[in-house]
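S.K.: need coordinates for the below:
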Amino acid sequence: MLEMRIVVAVTNDIVTDQRVARTCDALVEDGHSVMLIGRLLPDSKPLSRPYRVCRMRLLFRRSALFYAEYNIRLFLRLLTAKADLFYANDTDTLLAAYCAARIRRKKVFFDAHEMFPEVPELVARPRVKRVWEAIERRIVPHVDGAVTVCQSIADIYREKYGVEMGVVRNVPAKRSVVKGEAAVPPMILYQGAVNVGRGIDRIIDAMEFLPEMRFVVAGVGDEYEKMRTYAASKPWGERIEFLGRLAPEELHRLTPTATIGACLLDNMGLNYYYSLPNRIGDFVAAGVPLLATDFPEIRRVIATYGVGELVGEERGEALADAIRNAVAKWSMLSNDERLRRMETASRDLSWENDKKILLGAVEAAANHKK
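M.R.: Next comes the predicted model:
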C-alpha cells in the first residue's frame with residue numbers, strides 16, 4: 001500500500017462523529033498521514049487524536065451561508081495543504097475537495113454517509129435540493145473513488161451516476177457483547193442526532209402509556225430544544241431525560257444499561273428509507289434489543305439476526321404496546337439465546353470487516369487513472 005498524505009473533511013465539530021473517527025484511525029493504522037478538518041462550535045469539547053486536527057471557527061452556523069463559508073474556507077486550506085488525496089465526507093464537503101483536487105492534480109475520494117439531497121430538510125425545499133443534486137451530478141461521476149453506508153444507496157448512485165461505490169457500513173469496532181446492569185426503571189434509549197423525522201416526538205407521546213418506563217435521549221441536533229420543550233409540556237415529562245452531546249466513551253457506558261434501543265424513522269425521503277443508522281450496530285454491540293422502523297436496510301439486520309422488533313407508523317398507545325411487547329418477547333428468551341443472537345450480529349456488524357473495504361477503496365483511488 002502506497003503511503004499517502006490524506007486530508008479528511010467533515011462539516012461537523014468531529015467530537016461525536018464515530019464514523020469519521022474510525023475512518024481516520026484506520027488510515028493512520030494503514031500507514032498514512034492524516035489531517036482532519038472540521039469546525040469549532042461554541043460548545044465543542046477538546047479533542048485528542050493520534051493525527052492532526054483542524055477545526056475552523058465559522059461566522060455562520062447554518063443555512064446556505066454556512067455551507068458557502070465552509071466550502072470557501074476549506075477550498076483555500078486545501079490549495080496549500082500538503083496532501084496526496086482529499087477525502088470528502090458527504091456531499092457538503094465535496095465541492096471544495098473536488099475543485100482543489102483538480103487544480104492541484106490530486107486524488108479525491110467521496111464517502112457518502114447518506115443521500116444528502118434526500119435528507120428531510122432538503123426534501124421539503126426543492127430549489128435547494130436541486131442545487132445539491134447539481135453538485136453531485138457534476139462531480140460524483142469524476143471522483144477517483146467512493147464508498148457509502150449501504151447497498152441500497154450504492155445501487156442508486158450507480159444507476160444515477162455510473163459510479164461503483166464500496167459499502168462501508170456504520171458499524172462499531174468489534175467488542176464482546178456484555179449487557180450492562182439494567183436501568184431501573186426500565187429505559188428506552190435514543191442515541192444520535194436529534195433531527196426531524198427521528199421518531200423522538202412519537203416516543204414522547206407513547207410515554208403517556210408507559211408509566212413503568214423512562215425515555216432517555218443522548219445527542220443534539222436541530223430539533224433538540226424543540227423536543228425538550230415538547231417533553232417538558234407533558235404531565236409525564238419527568239420520565240423523559242435529555243442528556244445532550246455525549247463523548248463516545250460516555251455513550252459506551254450508557255448504552256448497555258438500556259432496556260431497549262429506539263431507531264424510529266419517519267418516511268421523509270429516500271435518505272431515511274434506505275438508511276442503516278450507526279445506532280443499530282451500537283445497540284447490538286451493547287447487547288440491547290432494538291425497536292426499529294421497517295425500512296429495507298434495517299429490516300435486513302433485524303430479520304437476519306433476530307435482535308429486535310420492527311414497527312410501522314404506530315403512535316400513542318399503539319406504539320407503547322409495540323414497545324412493551326418487544327421488551328416482553330426479548331425477556332422470554334434465555335440468556336444464552338439472547339447472547340448468541342447478539343454475538344452473531346456483532347461479528348458481522350463489525351468495523352474490522354468493513355474497514356478492509358474502505359482501505360481497499362482508498363488504495364484503488366490512489367491508483368486510479370483518468
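S.K.: where does the prediction get shaky in the protein?
M.R.: 1, 176, 178-180, 370 (pLDDT under 70).
S.K.: can you give me the strands in it?
M.R.: Using DSSP state E, the strands found in the chain span residues 5-9, 33-39, 52-56, 85-89, 107-112, 145-148, 166-167, 187-191, 214-218, 240-244, 260-263, 290-293, 308-311.
S.K.: out of these, nearest to residue 369?
M.R.: Taking C-beta to C-beta, strand 107-112 is the member of those nearest to residue 369, at 10.8 Å. C-betas here are computed from N, CA, C, even on glycine.
S.K.: for that closest one, packing partners?
M.R.: Using 3 or more C-beta pairs under 8 Å, 6 or more residues apart in numbering; DSSP states H and E, the elements in contact with strand 107-112 are strand 85-89, helix 94-104, strand 145-148, helix 351-366.
S.K.: ranking those by burial, who's on top?
M.R.: With neighbours defined as mean count of other C-beta atoms under 10 Å, the helices and strands packed on strand 107-112 peak in mean count at strand 85-89, which reaches a mean of 26.
S.K.: parallel or antiparallel, list what pairs with it.
M.R.: According to DSSP bridges, strand 85-89 forms sheet pairs with strand 5-9 (parallel), strand 107-112 (parallel).
S.K.: returning to what we had before: so can I have CSV of the strands of the chain showing distance to residue 64?
M.R.: Formatted as CSV, the strands of the chain follow (distance: least, C-beta to C-beta, whole Å):
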stretch, distance to residue 64
strand 5-9, 18
strand 33-39, 16
strand 52-56, 17
strand 85-89, 19
strand 107-112, 21
strand 145-148, 25
strand 166-167, 31
strand 187-191, 29
strand 214-218, 29
strand 240-244, 27
strand 260-263, 30
strand 290-293, 30
strand 308-311, 36
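S.K.: about what we covered before: now the helices and strands packed on strand 107-112 in a markdown table, with distance to residue 328?
M.R.: A markdown table is the format used below for the helices and strands packed on strand 107-112 (distance: least, C-beta to C-beta, whole Å):
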| stretch | distance to residue 328 |
| --- | --- |
| strand 85-89 | 40 |
| helix 94-104 | 46 |
| strand 145-148 | 37 |
| helix 351-366 | 32 |
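S.K.: which of those sits closest to residue 72?
M.R.: helix 94-104 (7.4 Å).
S.K.: other SSEs contacting the closest one?
M.R.: In terms of contacts (3+ C-beta pairs under 8 Å, 6+ apart), helix 94-104 is packed against helix 63-80, strand 85-89, strand 107-112, helix 126-139.
S.K.: between the ones you listed, which one is closest to residue 187.
M.R.: Nearest to residue 187, of all those, is strand 85-89, at 31.6 Å by C-beta to C-beta.
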